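Chemist: Task: produce atomic coordinates for the following.
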Amino acid sequence: MKKMVTWVRVAALTLLKWIGILLLSGIKLALELVKVILWLFGLVARIFMAFVRVGTP
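Modeler: Numbering: from 1, shown residues only. Prediction:
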């Protein structure tokens with residue numbers, strides 16, 4: 001009986017560990033996507049400001 005309880009505990013902890021890893025990986029992926037979007041926004045803003053600066057006397 002003790003072996004079965006130990007096995008269930010190990011299985012539950014392993015399942016929680018993998019759920020945590022998947023959750024953290026998803027958050028990391030979302031943050032990387034936000035980082036790329038912000039980088040592209042900054043790039044577009046710099047190009048726009050360069051054209052604005054050229055167009056103003």
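Chemist: Helices of this protein, residue ranges please.
Modeler: Using DSSP state H, the helices found in the chain span residues 2-55.
Chemist: Go ahead and flag the most central residue of it.
Modeler: With distances taken as C-alpha atoms, centre = their mean, residue 28 lies nearest the centre of the chain, 2.3 Å away.
Chemist: can you tell me which residues contact residue 55?
Modeler: The neighbourhood of residue 55, defined by C-beta atoms under 8 Å, 6 or more residues apart in numbering, contains no residues. Placement of C-beta: from N, CA and C, glycine included.
Chemist: count of residues packed around residue 17?
Modeler: 10 (other C-beta atoms under 10 Å).
Chemist: Then residue 7?
Modeler: So residue 7, with other C-beta under 10 Å, has 10 neighbours.
Chemist: How about residue 31?
Modeler: Neighbour count for residue 31, taken as other C-beta under 10 Å: 10.
Chemist: Distance-wise, check it relative to residue 4.
Modeler: According to C-beta to C-beta, to the nearest Å, residue 31 and residue 4 sit 41 Å apart.
Chemist: what do you get for residue 43?
Modeler: Applying C-beta to C-beta to residue 43 and residue 4 gives a distance of 58 Å.
Chemist: Likewise for residue 20?
Modeler: Here the criterion is C-beta to C-beta. By it, residue 20 lies 25 Å from residue 4.
Chemist: ditto for residue 40
Modeler: Distance, residue 40 to residue 4, using C-beta to C-beta: 54 Å.
Chemist: Point out where this structure drops to low pLDDT.
Modeler: Applying pLDDT under 70 to the chain flags residues 57.
Chemist: what do you get if the cut-off is 80, keeping everything else the same?
Modeler: Along the chain, the model assigns pLDDT under 80 to residues 1-2, 54-57.
Chemist: What number of residues are in the vicinity of residue 34?
Modeler: Quick note: residue 34 (other C-beta under 10 Å) scores 10 neighbours.
Chemist: I should have written residue 12 there, sorry.
Modeler: By other C-beta under 10 Å, 10 other residues sit near residue 12.
Chemist: separation between it and residue 32?
Modeler: The gap separating residue 12 from residue 32 is 30 Å, by C-beta to C-beta.
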